[in-house]
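Novice: Give the three-dimensional model of this entry:
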Amino acid sequence: MNRYVHRLSAMLLVAIIVLIFGCAGVGPSGDDSPHVRVTVLFFNDLHGHLSPFEIKDGDGTREVGGIARIATIVGAIRAENAKKKIHTLVLVAGDILQGTPMSTVFKGEPDIKCLNALGVDALTVGNHEFDFGLQNFLDIRQQAAFPFLSANIIAKNTGRKICRPGITIPLADGADLTIIGVTTRYLLHTTKADNVAALDVLDPVASAVPLYERSKKLGPVILLSHSRHVTDRALARAMPGLAAIIGGHDQILLSPYRKEGAVPIFQAFEKGRYLGRIDLDIDPATRKAALVAADYIPITAAIRPHPGVAKIVAAYEKRLGRQFKTVIGRSAVYLDGEREHVRYRETPLGNFIADIMRAHTGTQVALINSGGLRASIRKGPVTVADVFKAMPYANELVVVELSGTELLQVLTRAAEGARGDEDGGFLQVSGIAFEIRGHQVQNVSIGKEKQALDPARKYTVAVPDFLASGGDDHTVFKGKPSIKTGLPLRELIVDTVKQQKVISAEVEGRIVRLP
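Specialist: Next up is the predicted model:
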């Protein structure tokens, strides 16, 4: 609690300073030029979480998030800034789709409607914006009252950008603010291949730099990025005069913000749990921006929802009907699917789902990329909605045949990432066990009998169609003959919970990380 008191005190102090400078009409350096004030509000990786949701932490279970609560904060800041003649912008750093039943069933329609009502100024395109296909992407882009930005996604057949690369917002004479958008270079590896087959992705640095060089003559430039933080740092080095980089994709809270050279880099975690805020002071004489203040506002149950936005969410919740709230069984244990766990080690949720895959296909081995598992299933009653949250993707099971050598290559790719990478290509497994030392895979065994992996032998392997297409850079699967089973994995999970009535899974030593 003291932490938030100190934060509020600091924000109040900043507000007093801004008010004094604003009334005096001078900048923080004491010159008498008419400086321009801008507040930029931002969030990233909403992943369909329009409604509040519960989390568990050291303080127990509490409710966080909710787009209607974000709208309340945005509205209050806009109103306060309007009195002081301070500009307010709202930016989204990608991945608004995929992660909840509402987003999945309505394919992003309610997400766009809420962002329209929120008054978003621009969104940079994330990899999950294509999860329901290219045509759906084009449809929601058309529905949006704000521009979709990406300087580095092009159509293969024409070479033309499919979105605006950036926008320039006039603030005052000699003080335009430019927003440039870039998308992860790995879009084609982190999205179902069919959905992005008509697209290509250019290097984000090479794509953004020419735009930056032209735009910086007009005023300050903000880069709105849906890339890894390591890429954002490279972007900052290539464009050292950026006013700020607002990032996404890693789903981390950069608090305090990081700096690469003189460029501050921000990221507001995930699922609408925080609203980022930066306050800029722009000197029209130099056309440069100074960072006056920066903070992240927690979105908690104490914030009253915005009535208009809450009404949109409620209408779609009603349309979802009761099917998603129906209790289909119980879990005897907590099935851990938390991002930082499932993308680095064996978890009960991973074992539960991989076992279902192997049981329904009759294969020797089942593998699923951890990036496809998006939430835990709590101990207690399990609803259809719980399954959709844990497995939001409509994956079909595919059976491929791999040699022992190829299977080892797949496991080695899965072991590439470090803990902090939270690599979605890390695999949860069934019918196979192995050890990881550093990034090396060893002591691979197959089946209950723990038979050593035979490099020359052929093994049947069940995978989601995403992996079969080479997703998450699992290139071994690309071009491999495969059998489409027609079995939708998410529906198999629902059916399994219904049939077993009480489900359970535990860590069994399928994946062992050695010092």
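Novice: Which neighbouring elements make contact with the host helix or strand of Asp281?
Specialist: Element membership of Asp281, judged by DSSP states H and E, is strand 274-283. Helices and strands touching strand 274-283, by 3 or more C-beta pairs under 8 Å, 6 or more residues apart in numbering; DSSP states H and E, are helix 2-24, strand 36-43, helix 67-84, strand 244-247, strand 263-267, strand 288-298. All C-beta spots, glycine's among them, are computed from the backbone N, C-alpha and C.
Novice: so what strands line up beside it?
Specialist: Paired with strand 274-283 in the same sheet, following DSSP bridges, are strand 36-43 (antiparallel), strand 288-298 (antiparallel).
Novice: Just the C-alphas of it, formatted as PDB.
Specialist: C-alpha atoms of strand 274-283 as PDB (Å, rounded to 0.1, in the frame of the first residue of the first chain):
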ATOM      1  CA  TYR A 274      -1.700  -1.700 -16.500                       C
ATOM      2  CA  LEU A 275      -2.200   1.500 -18.400                       C
ATOM      3  CA  GLY A 276       1.100   3.100 -19.300                       C
ATOM      4  CA  ARG A 277       1.500   6.900 -19.200                       C
ATOM      5  CA  ILE A 278       4.300   9.200 -20.400                       C
ATOM      6  CA  ASP A 279       4.200  13.000 -20.400                       C
ATOM      7  CA  LEU A 280       6.300  14.800 -23.000                       C
ATOM      8  CA  ASP A 281       7.300  18.400 -23.200                       C
ATOM      9  CA  ILE A 282       7.900  19.500 -26.800                       C
ATOM     10  CA  ASP A 283      10.000  22.600 -27.700                       C
END
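Novice: And that strand, what's buried?
Specialist: Tyr274, Leu275, Gly276, Arg277, Ile278, Asp279, Leu280, Asp281, Ile282, Asp283 (16 or more other C-beta atoms under 10 Å).
Novice: Then stretch 210-230?
Specialist: For stretch 210-230, using 16+ other C-beta under 10 Å, the buried residues are 211-212, 215-216, 219-229.
Novice: Switch the strands paired with strand 274-283 over to JSON lines; also include mean pLDDT and mean neighbour count.
Specialist: Formatted as JSON lines, these follow (pLDDT from 0 to 100; neighbours: other C-beta atoms under 10 Å):
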{"stretch": "strand 36-43", "mean pLDDT": "97", "mean neighbour count": "24"}
{"stretch": "strand 288-298", "mean pLDDT": "97", "mean neighbour count": "18"}
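Novice: Quick one, which of those gets closest to His474.
Specialist: Closest to His474 of the strands paired with strand 274-283 is strand 36-43 (C-beta to C-beta; 30.5 Å).
Novice: Tell me what angle the closest one forms with helix 67-84.
Specialist: Counting by axes from the mean of the first three to the mean of the last three C-alpha atoms, to 10 degrees, strand 36-43 lies at 180 degrees to helix 67-84.
Novice: any idea of the angle strand 36-43 forms with strand 263-267?
Specialist: Using the same axes, to 10 degrees: strand 36-43 against strand 263-267 is 40 degrees.
Novice: how about the helices of the stretch 151-300 of the chain, start to end?
Specialist: 204-215, 229-238 (DSSP state H, counting those that start in this stretch).
Novice: Any chance of those helices in TSV with mean pLDDT and distance to Val125 as columns?
Specialist: What follows is the helices of the stretch 151-300 of the chain, written out as TSV (pLDDT from 0 to 100; distance: least, C-beta to C-beta, whole Å):
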stretch	mean pLDDT	distance to Val125
helix 204-215	97	12
helix 229-238	96	15
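Novice: mind putting these in a markdown table, distance to Leu177 included?
Specialist: Formatted as a markdown table, the helices of the stretch 151-300 of the chain follow (distance: least, C-beta to C-beta, whole Å):
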| stretch | distance to Leu177 |
| --- | --- |
| helix 204-215 | 9 |
| helix 229-238 | 18 |
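Novice: between the ones you listed, which gets nearest to Ala262?
Specialist: helix 229-238 (8.5 Å).
Novice: Which of the helices of the stretch 151-300 of the chain sits closest to Thr183?
Specialist: Per C-beta to C-beta, nearest to Thr183 of the helices of the stretch 151-300 of the chain: helix 204-215, 7.1 Å.
Novice: contact partners of that closest one?
Specialist: 151-152, 165-166, 168, 178, 180, 182-185, 221, 223, 225, 227, 231, 234-235, 238-239, 241-242 (C-beta atoms under 8 Å, 6 or more residues apart in numbering).
Novice: where's it relative to the chain centroid, distance-wise?
Specialist: 24 Å (C-alpha atoms, centre = their mean, to the nearest Å).
Novice: angle of that helix against helix 229-238?
Specialist: Going by the same axes, to 10 degrees, helix 204-215 makes 40 degrees with helix 229-238.
Novice: Now helix 204-215 - C-alpha only, CSV.
Specialist: Extracted as CSV, the C-alpha positions of helix 204-215 are listed here (Å, rounded to 0.1, in the frame of the first residue of the first chain):
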residue,chain,number,x,y,z
PRO,A,204,11.9,-3.7,-38.7
VAL,A,205,15.0,-1.6,-38.3
ALA,A,206,15.6,-1.2,-42.0
SER,A,207,11.9,-0.4,-42.5
ALA,A,208,11.7,2.2,-39.8
VAL,A,209,14.9,4.1,-40.2
PRO,A,210,14.0,5.9,-43.5
LEU,A,211,10.6,7.0,-42.0
TYR,A,212,12.3,8.2,-38.9
GLU,A,213,14.9,10.2,-40.9
ARG,A,214,12.1,12.0,-42.8
SER,A,215,9.8,12.5,-39.8
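Novice: Please report the distance of the residue nearest to Ala414 when sequence neighbours are not counted from Glu416.
Specialist: Nearest non-adjacent residue to Ala414, counting by C-beta to C-beta, 6 or more residues apart in numbering: Leu427, 4.1 Å away. According to C-beta to C-beta, to the nearest Å, Leu427 and Glu416 sit 11 Å apart.
Novice: now do Leu123
Specialist: Taken as C-beta to C-beta, the span from Leu123 to Glu416 is 30 Å.
Novice: Out of the helices of the stretch 151-300 of the chain, which is closest to Phe42?
Specialist: Nearest of those to Phe42, taken as C-beta to C-beta: helix 229-238 at 13.5 Å.
Novice: Just give me the neighbour total for Lys85.
Specialist: For Lys85, the number of neighbouring residues by other C-beta atoms under 10 Å comes to 10.
Novice: just Ser103 next, same as before
Specialist: Ser103 has 26 nearby residues by other C-beta under 10 Å.
Novice: As JSON lines, the strands paired with strand 274-283 with distance to Asn157 would be great.
Specialist: Shown next, in JSON lines, are the strands paired with strand 274-283 (distance: least, C-beta to C-beta, whole Å):
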{"stretch": "strand 36-43", "distance to Asn157": "34"}
{"stretch": "strand 288-298", "distance to Asn157": "39"}
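Novice: Quick one: closest of those strands to Gly248.
Specialist: strand 36-43 (8.7 Å).
Novice: For the helix or strand that comes right after the closest one, name the packing helices and strands.
Specialist: Going down the chain from strand 36-43, the next helix or strand is strand 53-57, by DSSP H and E. Strand 53-57 sits against strand 60-64, with contacts defined as 3+ C-beta pairs under 8 Å, 6+ apart.
Novice: and Leu411, what is it in contact with?
Specialist: Going by C-beta under 8 Å, 6+ apart, the list of residues near Leu411 reads Leu427, Ile432, Phe434, Val441, Val444.
Novice: at 7 Å instead, please
Specialist: Phe434, Val441, Val444 (C-beta atoms under 7 Å, 6 or more residues apart in numbering).
Novice: does the second one have beta-bridge partners, and which?
Specialist: Beta-bridge partners of Val441, counted by DSSP bridges, are Ile436.
Novice: Give me the pLDDT value at it.
Specialist: Looking at Val441, its pLDDT is 97.
Novice: Okay, the spatially closest residue to Lys379 that is not a sequence neighbour and Lys56: tell me how far apart.
Specialist: Among residues not flanking Lys379 along the chain, Tyr334 sits closest, at 4.8 Å (C-beta to C-beta, 6+ apart). According to C-beta to C-beta, Tyr334 and Lys56 sit 9 Å apart.
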